[in-house]
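K.L.:
take a look and give me a structure for this.
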Amino acid sequence: MGQYEKHVFICTHGETCPLQGETPTYVQRLRDGLRAHGLSGRIRINRGGCFDQCGNGPMIVVYPENVWYCGVRFEDLSEILEEHLMHGRPVARLRYVAPPGKNKNPEKMKAAQEAAARRGQS
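P.N.:
Prediction:
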């Protein structure tokens with residue numbers, strides 16, 4: 001086994017994930033949760049670059065299980081922390097299953113970019 005039991009990546013730099021949710025705050029929320037439960041030495045939370053799944057976000061990936069989550073909202077983080085990271089039960093309603101490779105969703109990308117422009121974020 002590697003240095004950590006699980007390694008969690010949160011897309012914080014892609015074309016749309018940061019527009020679809022405040023993903024940098026996701027990183028801190030999960031880190032704080034792990035620390036509160038004494039798991040920060042066993043599970044690593046990292047900011048990730050683009051996963052090439054733009055429009056399907058915000059995205060989180062958990063390894064070594066290779067579990068991908070899509071459309072994650074801030075309020076979903078407690079469930080991911082409790083169910084998956086603490087108890088090893090992936091959250092089925094947030095699971096993302098797609099063919100290997102790039103799976104960008106142009107319609108959702110455009111919608112996220114337009115919503116961000118309306119909020120003055122782009």
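K.L.:
helix, strand or coil: sort out the most far-flung residue of the chain relative to its centre for me.
P.N.:
When distances to the mean C-alpha position of the chain are computed (C-alpha atoms, centre = their mean), the maximum falls on residue 118, with 23.8 Å. Using DSSP: H, G, I helix; E, B strand; the rest coil, the structure places residue 118 in helix.
K.L.:
surely residue 8 is in a helix?
P.N.:
No - using three-state DSSP, the assignment for residue 8 is strand, not a helix.
K.L.:
strands of this structure, start to end?
P.N.:
With DSSP state E as the criterion, the chain has strands at 6-11, 43-48, 60-63, 67-69.
K.L.:
contacts only, for residue 74.
P.N.:
Residue 74 sits next to 21, 22, 25, 26, 29 when contact means C-beta atoms under 8 Å, 6 or more residues apart in numbering. (C-beta placed from N, C-alpha, C; glycine too.)
K.L.:
ignore what I typed, I meant residue 24.
P.N.:
Residues near residue 24 by C-beta under 8 Å, 6+ apart: 12, 18, 47.
K.L.:
show the buried residues in these.
P.N.:
Neighbour-count burial (16 or more other C-beta atoms under 10 Å) is assigned, among the contacts of residue 24, to 12, 18.
K.L.:
relative to residue 56, which of the contacts of residue 24 is nearest.
P.N.:
The closest of the contacts of residue 24 to residue 56 turns out to be residue 18 (C-beta to C-beta; 13.5 Å).
K.L.:
just the local confidence number for that closest one, please.
P.N.:
The per-residue pLDDT reported for residue 18 equals 84.
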